[in-house]
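*Asks:* Make a model of this:
(one chain, ligands or ions: 1)
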Amino acid sequence: MQPKDTTTNEGFKGFTNTTCPFLPCHKGIKREFNCLFCYCPLIAYECPGPYEVFTDANGLTRKDCSACTLPHDGYNQSWNFIQRWLEYPVVWSGQPQTDPPTRRPRPPGKENEGRDD
Ligand code: SF4
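*Replies:* Numbering: from 1, shown residues only. Modelled structure (predicted):
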């Protein structure tokens, strides 16, 4: 059992840093602006976000997540999104986002069980 399972206080799921000079750093947020995932935990993993791919000054392929609202739109919604996608993380291939977007990874043999994404 995790400590978060022993409390009804869900304050750990998000917060808004109203003193940040960059807020709002992403456009299109409709719910509470969640700053908890300012550095998105999925940056090195496959994800469904609308990222662009670029090469940085060191020649590394990186994601530009400017257009992504998934880790920020609503405390509960963004918390649940990150938890679901970190269940079976798959290291990012370095390729552009697909259309339709990447599906959430599942363990072998359970790829299509209970799909909701
Ligand atoms: S595109 Fe969105 S979900 Fe994917 S790594 Fe960037 S911020 Fe995270």
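*Asks:* Against the ligand, how distant is the nearest residue to residue 33 once chain neighbours are set aside?
*Replies:* Excluding its sequence neighbours, the residue lying closest to residue 33 (Cβ to Cβ, 6 or more residues apart in numbering) is residue 16, at 4.9 Å. C-beta here means a position set from N, CA and C on the backbone, and glycine is covered the same way. Applying Cβ to the nearest ligand atom, to the nearest Å, the value for residue 16 to the ligand is 17 Å.
*Asks:* Tell me if I'm right that residue 16 and residue 36 touch.
*Replies:* No. The pair residue 16 / residue 36 is not scored as a contact, 9.3 Å apart, by Cβ atoms under 8 Å.
*Asks:* Run a quick neighbour tally on the residue in the chain that the ligand sits nearest to.
*Replies:* With Cβ to the nearest ligand atom as the measure, residue 49 is the residue of the chain nearest to the ligand, at 2.3 Å. Neighbourhood size, residue 49 [other Cβ atoms under 10 Å]: 20.
*Asks:* Quick one, grab the pLDDT at it.
*Replies:* Looking at residue 49, its pLDDT is 98.
*Asks:* Let me see the contact set for it.
*Replies:* Residues near residue 49 by Cβ atoms under 8 Å, 6 or more residues apart in numbering: 40, 42, 63, 65, 68, 70, 97, 101.
*Asks:* Quick check: chain neighbours aside, which residue is closest to the first one?
*Replies:* In this case it means residue 40. Nearest to residue 40 is residue 71, by Cβ to Cβ, 6+ apart, at 4.8 Å.
*Asks:* Correct me if wrong, but that neighbour is in a strand.
*Replies:* No. Residue 71 is assigned coil when assessed by DSSP: H, G, I helix; E, B strand; the rest coil, not a strand.
*Asks:* returning to that earlier point: could you count how many residues lie near the residue nearest to residue 33?
*Replies:* 16.
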